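Visitor: My questions concern the predicted model and sequence given below.
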Amino acid sequence: VGLNRKLQLKPQDWVTVTNPDGTRVERASQVLFILKWGGNLTKLGEKQAITLGDHLRKELYPDAPGGGILRLHSTFRHDLKIRTSDEGRVMKTAAAFAKGMLQLEGDLPPILVSLVHKDSMHMLDPSGNKEVKRLIDECK
């Protein structure tokens with residue numbers, strides 16, 4: 001399944017070259033090739049993520065006479081955005097966390113499809129992404 005495979009090329013060294021039209025550009029002269037196969041979320045990892053979501057819900061929204069988070073549940077779920085990398089294990093962990101936090105029933109795939117969005121453009125790993133590195137540097 002596509003959720004369990006990942007290929008990365010990470011530039012390690014750069015050189016400046018001159019194109020035939022005279023323009024100078026930077027090109028990667030050495031790259032690290034990473035192929036990940038597998039990375040499945042274990043049953044223990046799924047249970048831990050559900051428990052973490054459950055604990056966070058109880059800490060942030062203690063059970064109240066008005067219903068706490070469950071009263072907001074139907075609208076909150078539509079506004080909730082969970083962003084992950086495109087790695088399958090990470091996406092499944094996010095879905096399990098959402099299951100615990102929102103007290104959802106059922107299997108992870110429907111939760112993953114409806115709530116989890118892969119967003120590799122805005123993840124915190126700045127390697128190979130100058131825009132993300134700039135944003136992180138601004139925050140420091």
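Guide: Right, received. Where do you want to start?

Visitor: drop to CA atoms for contacts and neighbour counts, all remaining ones
Guide: Will do.

Visitor: give me phi/psi at residue 42?
Guide: Main-chain dihedrals, residue 42, degrees, to the nearest 10: phi -80, psi 160.

Visitor: In this protein, mark out all the helices, start to finish.
Guide: 43-60, 68-79, 88-101, 108-115, 130-139 (DSSP state H).

Visitor: average model confidence for the longest one?
Guide: Per-residue confidence for helix 43-60 averages out to 91 on the pLDDT scale.

Visitor: One more: the last one?
Guide: Mean pLDDT, taken over the full extent of helix 130-139, equals 69.

Visitor: ok, now the third one?
Guide: Model confidence over helix 88-101 averages 89 on the pLDDT scale.

Visitor: Quick one: closest of the helices of the chain to residue 27.
Guide: Evaluated with C-alpha to C-alpha, those place helix 130-139 nearest to residue 27, the distance being 14.1 Å.

Visitor: which residue is nearest the middle of the chain?
Guide: Geometric centre of the chain, nearest residue: residue 84, 1.2 Å, by C-alpha atoms, centre = their mean.

Visitor: Name whatever forms a beta bridge with it.
Guide: Here residue 84 sits in beta bridges with residue 118, going by DSSP bridges.

Visitor: Could you do residue 24 as well?
Guide: residue 18.

Visitor: My read is that it contacts residue 18, right?
Guide: Yes. Between residue 24 and residue 18 there is a contact under C-alpha atoms under 8 Å: 4.4 Å.

Visitor: out of the helices of the chain, which comes closest to residue 7?
Guide: The nearest among the helices of the chain, by C-alpha to C-alpha, is helix 88-101 at 12.4 Å.
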